[in-house]
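In: coords please:
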Amino acid sequence: MKIRKDSPRAHTGFRNSLRAAAFSIGALSTLLIGLAPATHAAPSGGIIIGIDETASEYWAEYTQGAQDIADSLGAKLTVVTSNYQGAQLLAQLGAIFATGCTKCALATDPSSNAFVKAVVRRAAAAGVPIVTIWNRPETIHPWDTDPKYWVAHTSFDGVMSGYYQMSALCKALGGKGAIAAIEGVPSTPPAYQRIQGLHKALAECPGVKLLDTEVGDWQETKSQNIVRTWIARYGATLNGIFASNDAMARGAVAALREKNLNGKVPVTGSDGSKVALDMVKDGDMLVTVWNDPVLQGAVSTALAHAAAVGDIDPEKLTHAQRDFYLKQEVVNKDNVDQYLALKANAPKYTYSAMKADFWKDSAGEIPVGANK
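Out: Numbers count the residues shown, from 1 in each chain. Got it, this is the predicted structure:
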């Protein structure tokens, strides 16, 4: 799919950029309240975001989207990090809310399905509107669980991401061969959805065999060790690698490089990170799926703020406005330059622009059964 540089989507729908590295992972650390949040309080009208880790391009970009919205409002952005530990997130939020938080807004990944209800209820008890991302159990929704304060949930379609990746592998292998797959944290919807998408595409490509699936927990180093083992075990039988995110794809490529197999064994990933885009351009990766964390950060914080200040009434929104996917795209060697350009040159989001249509970049309501 070609995106013209002058198209509205090029300028507003896909603003996934590190601002030419001006907002780096190092810069993100200056926003963090750290491990002792009890001494910090979010100011009135402040925006709070919860992220999973600091050493991540994805979360740095998500934070940039949130910072764009905060800057456009003249608001303070407070960032807490959970290190994938829901209990740690709850403790930090509790410390912030304990001192009061008038017209505050929260956008967060609850870290896993197990902590979604507890995180939502902690925000609701403090009177803070919350938008969740990525993790939501199938059995609860914003309209049936603290509906006044749980504004919305937004994610990317993991099934389609996995389907796109495996379809690309099938085509690259000419419909014949054997692959292995690296899964993310199993308790998270994106992890098992992407594996579901893999199996959906495999069913349409019967000439390709799945040799093994291992859990890489979204981590580059763990993925590298997994692929080293596969290379030793399967040798030339291993024709392709499906990695559920770009970090694990980087680990796979690193292991292949050690045996001079990079570019010879196709690797797929998801998230559209800068490193992955470079590897697609260089031929070390076959495809990545472009999920826009800057957009996700801007949409989620803007919606939470809108509820906090009364610009929207969550209980009057439709289900499709409260539980929705954002758009994503497949990036391959043919279109990677367009996405590299979007990484390097992206205008900032503003709350006023978001308010004109919070759902402009929605890919539709999350279907029933998607989070099983």
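
In: distance of the residue nearest to the spatial centre of the chain relative to D71?
Out: Centroid check for the chain by Cα atoms, centre = their mean gives P293 as the closest residue, at 5.8 Å. Taking Cβ to Cβ, to the nearest Å as the measure, P293 falls 17 Å from D71. In short, each C-beta sits where N, CA and C put it, glycine included.

In: cool, Y325 as well?
Out: Relative to D71, and taking Cβ to Cβ, Y325 is found at 27 Å.

In: who's more crowded, the two?
Out: Between Y325 and D71, counting by other Cβ atoms under 10 Å, Y325 is the more crowded of the two (19 against 14).

In: shouldn't the more buried one be in contact with P367?
Out: No. The criterion here is Cβ atoms under 8 Å, and Y325 misses it with P367 at 9.1 Å.

In: what residue ranges in the stretch 1-150 of the chain score low on pLDDT?
Out: Across the stretch 1-150 of the chain, the ranges flagged by pLDDT under 70 are 1-43.

In: break down it into its helices, ranges please.
Out: 8, 25-29, 57-73, 86-97, 116-125 (DSSP state H, counting those that start in this stretch).

In: and those, which is most packed in?
Out: Among those, helix 57-73 has the highest mean neighbour count (mean count of other Cβ atoms under 10 Å), at a mean of 24.

In: so K372 is in contact with R136, correct?
Out: No. In this structure, K372 is not within contact of R136 by Cβ under 8 Å, at 11.4 Å.

In: out of these two, which sits in the busier spot?
Out: R136 (25 against 11).

In: nearest spatial neighbour of that one, skipping sequence neighbours?
Out: Distances taken as Cβ to Cβ, 6 or more residues apart in numbering place H153 nearest to R136, at 4.8 Å, with adjacent residues excluded.

In: didn't that neighbour look like it was pressed against I140?
Out: No. With contact defined as Cβ under 8 Å, H153 and I140 do not form a contacting pair (9.4 Å).

In: those two: who's more crowded?
Out: H153 (24 against 17).

In: check which helix or strand covers the more buried one.
Out: Counting by DSSP states H and E, the element that carries H153 is strand 150-155.

In: next one: the following helix or strand past that strand to chain centre, how far?
Out: Later in the chain than strand 150-155, the nearest helix or strand by DSSP H and E is helix 158-172. Here helix 158-172 is found 17 Å from its chain centre; the criterion is Cα atoms, centre = their mean, to the nearest Å.

In: equivalent analysis for stretch 66-83, please.
Out: The answer for stretch 66-83 is 17 Å, by Cα atoms, centre = their mean.

In: ends of it, what's the gap?
Out: End-to-end distance of stretch 66-83 (Cα to Cα, to the nearest Å): 19 Å.

In: ok, now stretch 266-276?
Out: Stretch 266-276 end-to-end distance (Cα to Cα) = 13 Å.

In: excluding its backbone neighbours, what's nearest N113?
Out: With Cβ to Cβ, 6+ apart, the residue lying closest to N113 is P137, at 4.6 Å.

In: so who does the one you found touch?
Out: For P137, the contacting residues are N113, V116, K117, N371, by Cβ atoms under 8 Å, 6 or more residues apart in numbering.

In: export those residues to JSON lines and tack on distance to T288?
Out: JSON lines is the format used below for the contacts of P137 (distance: Cβ to Cβ, whole Å):
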{"residue": "N113", "distance to T288": "25"}
{"residue": "V116", "distance to T288": "27"}
{"residue": "K117", "distance to T288": "33"}
{"residue": "N371", "distance to T288": "23"}
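
In: S300: which of those is nearest?
Out: Nearest to S300 out of the contacts of P137 is V116 (Cβ to Cβ; 14.3 Å).

In: separation between the closest one and R257?
Out: Taken as Cβ to Cβ, the span from V116 to R257 is 39 Å.

In: how many neighbours does G235 have?
Out: G235: 9 surrounding residues under other Cβ under 10 Å.

In: please, where are all the helices along the stretch 251-372 of the chain?
Out: Along the stretch 251-372 of the chain, counting by DSSP H, counting those that start in this stretch, helices occupy 274-282, 293-309, 319-322, 336-344, 351-356.

In: of those, which is nearest D52?
Out: That would be helix 293-309 among the helices of the stretch 251-372 of the chain, by Cβ to Cβ, at 11.6 Å.

In: which strands and helices lie in contact with that closest one?
Out: strand 47-51, helix 57-73, strand 105-108, strand 130-133, strand 150-155, strand 323-326, helix 351-356 (3 or more Cβ pairs under 8 Å, 6 or more residues apart in numbering; DSSP states H and E).

In: against T63, how distant is A346?
Out: Distance of A346 to T63, given as Cβ to Cβ: 14 Å.

In: what does V227 give?
Out: According to Cβ to Cβ, V227 and T63 sit 30 Å apart.
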